[in-house]
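Visitor: 3D model of this:
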Amino acid sequence: MGDIEAPAAGATEARPNVLLSILPTKEFALSHKGLLLIAEVLLCFLAFVCFVASTAASFVTAPLLEFLTALFLLFAYSTKLNQRFTSFHWPLMDFLRCVSASIIFFVISIISVSKYSDAASKAAGVFGFIATIVFAFDFYIIFNDLADFLRRGGQPSEGQPGHTAHPRDDSSDDDSD
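Guide: Down below sits the predicted model:
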C-alpha cells in the first residue's frame, strides 16, 4: 500500500499557505482601497444573484462582468501585480472601471426598480443603487489621486504604496549642453 500513505508532515503545512496566498493580506483588506474593492465585489455578487432570481434577468450580465473585474483587481492589488506589470496605468484603468460601473449600475437599477414588480428585481435595484454609491466614491478617490499625480508632474508620492508611476525619460535634457 505504498500509494495510499499519509502525506508527509511538511506537505500538509504547505497547502494552507497556498490558499492563504490567494486571499488578500490583512493590511490590504483593511486599507481604504481594499475595503472598497471588497464592498464592490460583494455588492456586484448580490446584485447578480438578485437579477438571476428576478424577472429582470436580462440585466444579469452587467453585475457579473463588474463582479469579475472587481474580483480581478482585488486579486491584482492584493498580490501586488500592479507593481510587477508597470506597463499598465493601474489607477487609470481602475478609474475607468469605476466610472463605467457606476453609470451602468445606476441605469439598470432605475429600470429594474421602476419597470419590474417582483421582489428580486426591487432587491437587485437596491443593491445596484448601493453599488452605484460605492463605485462613485471609489472613482472620486481615484480621481483625486490621479489629479495629485498630475499636479506633481508624474512623480510618485512617498505615501501611496498602491500606485506605480512611470518615470519620465529625461535623457534629452542632459544633451542640451
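Visitor: Just the element for the residue nearest in space to the middle of the chain, please.
Guide: For the chain, the residue nearest the mean C-alpha position is residue 70 (3.2 Å; Cα atoms, centre = their mean). Assignment of secondary structure by DSSP states H and E places residue 70 within helix 61-78.
Visitor: starting at the chain centroid, how far to that helix?
Guide: A distance of 5 Å separates the C-alpha centroid of helix 61-78 from that of its chain, computed with Cα atoms, centre = their mean, to the nearest Å.
Visitor: Skip ahead from that helix and say which helix or strand is next.
Guide: Next along the chain after helix 61-78, with elements defined by DSSP H and E, is helix 81-84.
Visitor: my guess is the residue nearest to the centre of the chain meets residue 41, correct?
Guide: Yes - in this structure, residue 70 sits in contact with residue 41. The criterion is Cβ atoms under 8 Å, and the distance is 4.8 Å. Glycine gets a C-beta too; all of them are placed from N, C-alpha and C.
Visitor: Against which helices or strands is the helix holding residue 70 packed?
Guide: Contacts of helix 61-78 with other secondary structure elements, assessed using 3 or more Cβ pairs under 8 Å, 6 or more residues apart in numbering; DSSP states H and E, are made with helix 26-29, helix 32-53, helix 90-115, helix 119-151.
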